[in-house]
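J.: need coordinates for the below:
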Amino acid sequence: MRARRVWFYWKNIPHAYLITPPREASSEVVQVNPLGRIPALILDDDTCIFDSSVIADYADTLNDTPILIPRHSAAARMRVKRWEALADGIVDSAVVVRTESLRPGDKQDADTIIRHNQAITRALAYAADQLAQQSWCEGTALTLGDLALVSALIYLDLRQTERHWRALHPNLAVWFSNISGRASVRTTLAV
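T.: Take a look at the predicted model:
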């Protein structure tokens, strides 16, 4: 997901962004990632790192400006990784709903769509409740949890415009407005 590029911008890590649909046999993603999925990070030595969580962990160790996954506390680290898992789950369910909705009507599995939409609804309510009126998902500064959550909400805006999550969760809408106004997020959205 292009919004995940924000990790590299936020940490000021030089990188190039390649758009190559993984469904095409000639895609570089298929050639370097055995799962044939995105995101995939290809290092200068051609090592491929795949899965958002693994890429984020790796990127966070490249420099300390800023530290996106807390290192001072196992509990704080767990909470940030839990935010990341929640955001990834929102996107995973939204992708299932999108994929299912693209099938011909008589081939769609209504139970699958309902189940995944309910998961998104519960996850958004949980995020809004946990965030309350805080400026950040964890502590007093931006973390990977914030970047993952903003990415998930951007995806919902793209693929589930009918969800109207801002009206249901005004505090999440305010948080989203604040974080998505940052230059690093705006830059990733411009691509």
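J.: going forward, measure contacts between C-alpha atoms and count neighbours the same way
T.: OK.
J.: and Pro14, backbone torsions?
T.: phi -60, psi 140 (degrees, to the nearest 10).
J.: try Leu102
T.: The phi/psi pair for Leu102 (degrees, to the nearest 10) is phi -80, psi -10.
J.: can you list the domains in this structure?
T.: As given by automatic domain parsing, the domain ranges for the chain are 2-62, 74-185.
J.: weakest of the ones you listed in terms of mean pLDDT?
T.: Confidence, taken as mean pLDDT, is least for domain 2-62 of these (a mean of 80).
J.: if we can go back for a sec, go through the domains of the chain and name the closest to Leu68.
T.: For those, proximity to Leu68 was assessed by Cα to Cα; domain 74-185 is nearest, at 4.2 Å.
J.: ok now the closest one, how far from the chain's centre?
T.: Put simply, domain 74-185 sits 8 Å off its chain's centre (Cα atoms, centre = their mean, to the nearest Å).
J.: show me what counts as buried in stretch 37-52.
T.: For stretch 37-52, the neighbour count (16 or more other Cα atoms under 10 Å) marks 38-42, 48-50, 52 as buried.
J.: filter the residues you listed down to just the ones in helices.
T.: Ser52 (DSSP state H).
J.: the helices in this structure, which residues?
T.: Using DSSP H, helices in the chain cover 6-10, 28-32, 52-62, 74-101, 110-131, 144-159, 165-168, 170-180, 183-189.
J.: pick the most buried one from those helices.
T.: Stretch with highest mean neighbour count among these: helix 144-159 (a mean of 21; mean count of other Cα atoms under 10 Å).
J.: using CSV, write out every CA atom in that one.
T.: In CSV, the C-alpha atoms belonging to helix 144-159 read as follows (Å, rounded to 0.1, in the frame of the first residue of the first chain):
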residue,chain,number,x,y,z
LEU,A,144,4.3,2.9,13.9
GLY,A,145,0.8,2.5,15.3
ASP,A,146,-0.1,5.9,14.1
LEU,A,147,1.4,5.3,10.6
ALA,A,148,-0.4,1.9,10.3
LEU,A,149,-3.7,3.3,11.4
VAL,A,150,-3.6,6.3,9.1
SER,A,151,-2.7,3.9,6.2
ALA,A,152,-5.7,1.8,7.0
LEU,A,153,-8.1,4.8,7.1
ILE,A,154,-6.7,6.0,3.8
TYR,A,155,-7.5,2.6,2.3
LEU,A,156,-11.0,2.7,3.7
ASP,A,157,-11.4,6.2,2.2
LEU,A,158,-10.3,4.7,-1.1
ARG,A,159,-12.3,1.5,-1.1
